[in-house]
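Novice: Fold the stuff below for me.
(one chain, ligands or ions: 1)
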Amino acid sequence: MSRIAYVNGAYVPHRAASVHIEDRGYQFADGVYEVVLVAGGRMIDTALHLARLARSLAEIRIPPPLCERALRLVLAEVARRNHVEEGLLYLQVTRGVARREHPFPKVPVRPALVVTARRGPGLPRDLARWAARAITAPDERWARCDIKTIGLLPNVLAKEAAVRRGAVEAILLARDGMVTEGASTNVWMVDAEGVLRTRRLGPEILPGCTRAALLEILAEAGLRFEERAVSAAELAAAREIFLTSATSYVRPIVEVDGAPVADGQVGPVARRLFDLFGAHVRGQR
Ligand SMILES: Cc1ncc(COP(=O)(O)O)c(C=O)c1O
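Specialist: Sure thing, here's the model as predicted:
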């Protein structure tokens, strides 16, 4: 079955899909993106993703390529044409095609919109097997990590360092020794006192849609949490660590930098939150 991509208004075979060499996304990473989970044939947390997209676009002053209703239709159509029941949708908007000069084009150009879809394995069945290792790495990114920009080189380098060490994620440490987030995930922990914590939103982290959905689930379930940054020392003494993102759901981390997290097993809080998030994804909440 051949994959189909949406490129600037047309549905085209994936292998033939292309953008111009002077697209500002290619030249300057002048663009933003979203990754939306598809589960059971439904797009998950779409409103959160489209709201974040609108914010990212506004922050870098790219006009929306389509209204929200039309974007939803395109996303659904790309999922449908690719027969994606379990997987993800990738959406990217760049400032468009213009002669290569740093300032925004003098004569406004149309933003470029690309949407692709990919099948995935779906919600993991065995949480112990879904659990993974992480490393810590210096956070070498820019000062506006709250914008979901396609400029991901520091994230790519950190992730590659993790993979080379047999881990799935790099937990990033700011210069002040505090955890910001993962290279492509938000970081959570249960501290030595048993308090569930994740960093407060700010320019240092991406406002994760999974993070937002999970905070709402926690509030509904009456579970206590604190939005408070975690130091490297607290991370090392954590009872539990887990990551969230649209494609990692809730992913327990059982080893950091080669040392086990507590007893090295998936903890009860991660298990509970994985189950609650699983119910959310299956539409049972
Ligand atoms: C740096 C970073 N933080 C956090 C996340 C998690 O965001 P979401 O839950 O919306 O997938 C991502 C996802 O790609 C990310 O790239």
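Novice: ok, residues contacting stretch 12-24?
Specialist: By Cβ atoms under 8 Å, 6 or more residues apart in numbering, the residues outside stretch 12-24 that reach it are 2-7, 25-26, 30-31, 94-100, 112, 114, 116. Every residue, glycine included, has its C-beta placed from N, CA and C.
Novice: Filter those residues down to just the buried residues.
Specialist: With burial judged by 16 or more other Cβ atoms under 10 Å, the buried subset of the contacts of stretch 12-24 is 3-7, 25-26, 30-31, 94-98, 112, 114, 116.
Novice: Apart from its neighbours in sequence, what residue is nearest the most centrally placed residue in the chain?
Specialist: Central residue of the chain (Cα atoms, centre = their mean): residue 245, 4.8 Å from the mean position. Spatial nearest neighbour of residue 245, chain neighbours left out: residue 185 (4.3 Å); criterion: Cβ to Cβ, 6 or more residues apart in numbering.
Novice: I'd say that neighbour and residue 169 touch.
Specialist: Yes: with contact defined as Cβ atoms under 8 Å, residue 185 counts as touching residue 169 (5.8 Å).
Novice: Mutual contacts of those two, please.
Specialist: By Cβ under 8 Å, 6+ apart, the residues touching both residue 185 and residue 169 are 243, 251.
Novice: on that earlier part again, any chance of the backbone angles for the residue nearest to the centre of the chain?
Specialist: Note on residue 245: backbone dihedrals following degrees, to the nearest 10 are phi -170, psi 170.
Novice: Please verify my assumption that it contacts residue 212.
Specialist: No: at 11.8 Å, residue 245 does not count as touching residue 212 under the criterion of Cβ under 8 Å.
Novice: How about the residues of the stretch 1-150 of the chain by the ligand?
Specialist: Counting by Cβ under 6 Å from any ligand atom, the stretch 1-150 of the chain comes close to the ligand at residue 35.
Novice: which stretches of the stretch 1-150 of the chain aren't confidently modelled?
Specialist: Applying pLDDT under 70 to the stretch 1-150 of the chain flags no residue at all.
Novice: tally of neighbours for residue 249?
Specialist: Other residues near residue 249 come to 25 when the count uses other Cβ atoms under 10 Å.
Novice: how close does the closest residue to it other than its chain neighbours sit to the ligand?
Specialist: Among residues not flanking residue 249 along the chain, residue 277 sits closest, at 5.6 Å (Cβ to Cβ, 6+ apart). In this view, residue 277 and the ligand are 11 Å apart by Cβ to the nearest ligand atom, to the nearest Å.
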